[in-house]
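Colleague: Predicted model and sequence follow; I will ask about them next.
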Amino acid sequence: MNKLLEAAKQGDRDAENDVAKWLLEKVQYYANRAAEDGILPNPNQQSSISDRAILKLISHNAILRAPHIGYLNQAAANATGEIIADKIRALKRERRACKDDLTGFPVVDLAERFNLRVHDTSDLTEALDRLRELAPRQFAALMLRYFCMMTVKEVAEELCISVSTVEQDWRRARAWLRDQLHD
């Protein structure tokens, strides 16, 4: 590979293409490993992450700047890691914004999602307000799971409670809402 890299730096287009293919395989490998290890916020983002990482490397002329193939391998790992870190930071920002503003949520969507019979969205809004007063933790679990799209594990970490407690609160909150809105 080092010979190919040197040929690429000397202007050999075929060698540069071969090194670029190798580099893409490395980036894909690191993205796949991140998905297998559960690091990715969404395991289906592997190809998106690979694409962004390879574009980053190409735009920085990584192939032509690399002193040896080990450097290029490390650059692939670093670029992939940076893209994954950016995705995780963006997801955390979205979730923080969601948690900070649980007021203007679309109650119609919630009603459809839980098959609630709602004649008037104000009924659901009132029921949610009562749930917030009577069972704030269940309300928080419902909001974080549904509106912030957090996993049960993430909600447990956020609320500092066990996963089983989140699952129980989630079930109870939905059942309570169905009961409140039942004719």
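Modeller: Nice, I can see it.
Colleague: Please count neighbours and contacts with C-alpha atoms only from this point.
Modeller: Noted.
Colleague: so what's Phe139 up against?
Modeller: With Cα atoms under 8 Å, 6 or more residues apart in numbering as the criterion, the residues that contact Phe139 are Leu128, Leu131, Arg132, Ala173.
Colleague: now that we have the residues you listed, which one has the most neighbours?
Modeller: Counting neighbours by other Cα atoms under 10 Å, Ala173 comes out on top of the contacts of Phe139 with 24 neighbours.
Colleague: give the contact list for that one.
Modeller: Contacts of Ala173 by Cα under 8 Å, 6+ apart are Leu131, Gln138, Phe139, Leu142.
Colleague: Please name the nearest non-neighbouring residue to the second one.
Modeller: Meaning Gln138. Once flanking residues are discounted, Gln138 sits nearest to Asp169: 4.8 Å by Cα to Cα, 6 or more residues apart in numbering.
Colleague: Pretty sure that neighbour sits against Ala141.
Modeller: Yes. At 6.5 Å, Asp169 counts as touching Ala141 under the criterion of Cα atoms under 8 Å.
Colleague: just the strands in the protein please.
Modeller: Applying DSSP state E to the chain gives no strands.
Colleague: packing partners for the lengthiest helix in it?
Modeller: Counting residues, the longest helix found in the chain (DSSP state H) is helix 69-100. For helix 69-100, the contact count by 3 or more Cα pairs under 8 Å, 6 or more residues apart in numbering; DSSP states H and E identifies helix 13-36, helix 46-59, helix 62-65 as packing neighbours.
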